[in-house]
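Colleague: Provide a 3D model corresponding to the input given below.
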Amino acid sequence: GVLLCIAECLLGCLESLAEYFNTWAFCYVGLYGYTFMEAGRNVLTLFKSRGWTTIITDDLIDKVLFMVSIGVGLITGLISVVISNARGLVFDAASAGGPFLFGLLVGYFIAGVLMGVVGSAVNTIIVLYAEAPNEFQTNHPELSTKMRTAWRQAWPVEFRY
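Modeller: Numbering: from 1, shown residues only. Predicted coordinates:
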């Protein structure tokens, strides 16, 4: 009884905090200068009013960009082994682990920073599109039509434009 009540209270508090702390809030802070708490509340209100809560939770761009960073890390690791081998630093498979790991980490972190910029740009475009779809249609009609068509195919019920 009491433990269940405490657990429900804690989950309710965490849920309300999660509403304010989201990646979309950074866009609002950068665009409009709101405080982070205001931005979190405003952007969530925007997405709820558009019926986009399913769309934003289904955002796959971060996963794709993570995989790109892993791919770049793996390629950089392999290049590190080739360079180390050409310089005579790698003699067998066991000694290739150090250069590979170093290259993997360097490549992954550099790509991660670059992909973070791409992810933020995509999030900003989605926030701006949610806020002013008609302005996007007016200024970029071809891109707007492609985006609307793709979103209608992916989310026929949730996307109402």
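
Colleague: in this protein, where's the longest helix?
Modeller: Taking residue count as the measure and DSSP state H as the definition, the longest helix of the chain comes out as helix 97-131.

Colleague: what's the next secondary structure element after that helix?
Modeller: Tracing the chain past helix 97-131, the next element assigned as helix or strand by DSSP states H and E is helix 133-139.

Colleague: please state the offset of the helix or strand just after that following helix from the chain centre?
Modeller: Scanning the chain past helix 133-139 towards its C-terminal end, the next helix or strand to appear is helix 141-154 (assignment: DSSP H and E). Computed by Cα atoms, centre = their mean, to the nearest Å, the separation of helix 141-154 from the middle of its chain amounts to 20 Å.

Colleague: contacts for helix 141-154, please.
Modeller: Counting contacts by Cβ atoms under 8 Å, 6 or more residues apart in numbering, the residues outside helix 141-154 that touch it are 55, 129, 133, 136-137, 159, 161. Glycine gets a C-beta too; all of them are placed from N, C-alpha and C.

Colleague: and the worst-scoring helix or strand of the chain on mean pLDDT, which residues are buried?
Modeller: Least confident element among the helices and strands of the chain, by mean pLDDT, DSSP states H and E: helix 53-57 (a mean of 72). By 16 or more other Cβ atoms under 10 Å, the buried positions in helix 53-57 come out as 55-56.

Colleague: just to confirm, which helix or strand has D59 in it?
Modeller: Following DSSP H and E, there is no helix or strand that holds D59.

Colleague: quick one: low-confidence residue ranges for the chain.
Modeller: Counting by pLDDT under 70, the chain contains low-confidence ranges at 18-19, 57-58, 161.
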